[in-house]
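got a sequence here, can you build the structure:
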Amino acid sequence: MPRHHINKKEREITDPAALEEILKRGKYAVIALCRKNEPYIVTLSCGYDAGKKALYFHTAHQGLKLEYIRANPAACGTIIEDRGYIMGECAHGYRSVVIYGKIVEVEDLDEKKHGLDIMLNQLEEQPDVVKKKSLKDDRSYTRAVILRLDIEDMTGKAGR
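Have a look, this model is predicted:
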């Protein structure tokens, strides 16, 4: 996929460690999908796996996002670290990562466990409490739909 240039080059984040930090700290991603030239955008809680260079999501067993992903797994998304609006300056502090890749439905039980573990460790202050309450046995995992976005490319940008 050809990259577009950033108009204000001084705002570009090129350091891979900085990009990964934003992904690791993010709590949700806004994901754009498309099928038959019809766009769809959805916000999903996520967890980043640096080793796999992938984002994990969970979702219901049916719904529009799954229909789109099954028709076309290509996705583009963003995670934004909001540093707040700067009053009186008409400016906003932020860092963001735009990601490009493909989304797959995870079928393997061990990877479902891994994906949910990644997510809960990133999202929850006490992930073990949630795991004990919600993930009691393997059936809990088989009932879950886990998605993995394999990141093929990413760009970063910062403001203020």
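
for the least confident helix or strand in the chain by mean pLDDT, give me every contacting residue.
Lowest mean confidence among the helices and strands of the chain (mean pLDDT, DSSP states H and E): helix 138-142, at a mean of 76. Applying Cβ atoms under 8 Å, 6 or more residues apart in numbering, the contact partners of helix 138-142 are L109, K112, K113, L116, S134, L135. Bear in mind the C-beta positions are built from the backbone N, C-alpha and C, glycine included.

and if we set it to 6 Å?
Helix 138-142 has contacts (Cβ atoms under 6 Å, 6 or more residues apart in numbering) with L109, K112, K113.

against I118, how distant is L149?
From L149 across to I118, the span is 12 Å (Cβ to Cβ, to the nearest Å).

no wait, R35
R35 is 27 Å from I118, where distance means Cβ to Cβ.

where does pLDDT dip in this protein?
Regions of the chain meeting the criterion pLDDT under 70 cover residues 1-7, 9.

can you map out the strands along it?
Per DSSP state E, the chain carries strands over the ranges 12-13, 28-35, 38-45, 47-49, 54-59, 74-86, 91-106, 145-159.

how about residues contacting the fifth one?
Residues outside strand 54-59 that contact it (Cβ under 6 Å, 6+ apart): 44, 46-48, 115, 118-119, 144-150.

and the angle for that strand with strand 74-86?
Per axes from the mean of the first three to the mean of the last three Cα atoms, to 10 degrees, the angle that strand 54-59 makes with strand 74-86 is 90 degrees.

buried stuff in the lengthiest helix in the chain?
The single longest helix within the chain, with elements called by DSSP state H, is helix 109-123. Under the neighbour-count criterion of 16 or more other Cβ atoms under 10 Å, helix 109-123 has K112, K113, H114, G115, L116, D117, I118, M119, L120, Q122 buried.
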